[in-house]
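Participant: Pasting the sequence and the predicted model now:
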Amino acid sequence: MSWADVFKSPVAIGYLDKDISGFRQSADEEKIRSHAKRSRYNLVKTVVFSSRTDRPMQRLVNVVEHLGAEAVFIPDIRHLDGSAIPRKLHEIATVITVDPESIYQRMRRKQCPDVRRHPSRTPWEVGWMNDRSVTGPVTPRVEALAARAGRAGYRLVRGWASPYPWQLLDAEDDEPIHTAATLDLIERILDE
């Protein structure tokens, strides 16, 4: 896989429960890496929690939202709180199991508002609009940052390249002004 392919690939993370993997943890991590590569995902991180981790599923959801991951690779379904995918995780990411090989598609896809769909609203009111802007669910944090960006004369969109998944575009001519890897960096830019 070339660097150009990595930048085009959707972002994913791996997840496993250390208590379930046990001595197979290294093998499980390798299976996740190779399955993600075969599936053409850019695996940016593997998260490992154990029974001593406080609220592991909420923490996993936080990591997915923070990184803007589109998929979570797991060795098998038992690693996610037993036998079911937690609803909150299923709403924001596709879950892919390695063994047996299964794909649980994200439950919903919420598109960003688009000026073409809302011609009576100005770009500053909409804050963000673009067919490529967000391919996954829109979180309250993204909505708030998009509104702030709109008031500052920018549009918040998802970028094309995975190391910089967020962009602030000039609201008038769609020229990229800033790119950032995380929403935290976008927030810092808007605070300046």
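Facilitator: Nice, I can see it.

Participant: Would you mind splitting the protein into its domains for me?
Facilitator: Using automatic domain parsing, the domains assigned to the chain come out as 3-104, 123-191.

Participant: Turn these into TSV, columns for mean pLDDT and mean neighbour count.
Facilitator: All C-beta spots, glycine's among them, are computed from the backbone N, C-alpha and C. Formatted as TSV, those follow (pLDDT from 0 to 100; neighbours: other CB atoms under 10 Å):
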stretch	mean pLDDT	mean neighbour count
domain 3-104	88	17
domain 123-191	70	17
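
Participant: all helices for the protein, in order.
Facilitator: Remark: helices assigned in the chain by DSSP state H are 3-8, 18-21, 25-38, 56-67, 87-92, 123-126, 140-151, 183-191.

Participant: Residues contacting the fifth one, please?
Facilitator: Contacting residues not belonging to helix 87-92 are listed as 57-58, 60-61, 64-65, 72, 80, 95, 104, 106-108, 136-137, 139 [CB atoms under 8 Å, 6 or more residues apart in numbering].

Participant: Any idea how far it is from the middle of the chain?
Facilitator: Its chain's average C-alpha position is 12 Å from that of helix 87-92, according to CA atoms, centre = their mean, to the nearest Å.

Participant: how much space between residue 103 and residue 73?
Facilitator: From residue 103 across to residue 73, the span is 10 Å (CB to CB, to the nearest Å).

Participant: hey, what's in contact with both of those two?
Facilitator: Joint contacts of residue 103 and residue 73 (CB under 8 Å, 6+ apart) are 96, 97.

Participant: How about residue 177: what's its closest non-neighbour residue?
Facilitator: Distance criterion CB to CB, 6 or more residues apart in numbering; nearest residue to residue 177, sequence neighbours excluded, is residue 168 at 5.0 Å.

Participant: surely the one you found meets residue 156?
Facilitator: Yes - between residue 168 and residue 156 there is a contact at 6.1 Å, judged by CB atoms under 8 Å.

Participant: Check the contact lists of those two and give me the overlap.
Facilitator: 149, 186.

Participant: From residue 30, how far out is residue 158?
Facilitator: Distance, residue 158 to residue 30, by CB to CB: 30 Å.
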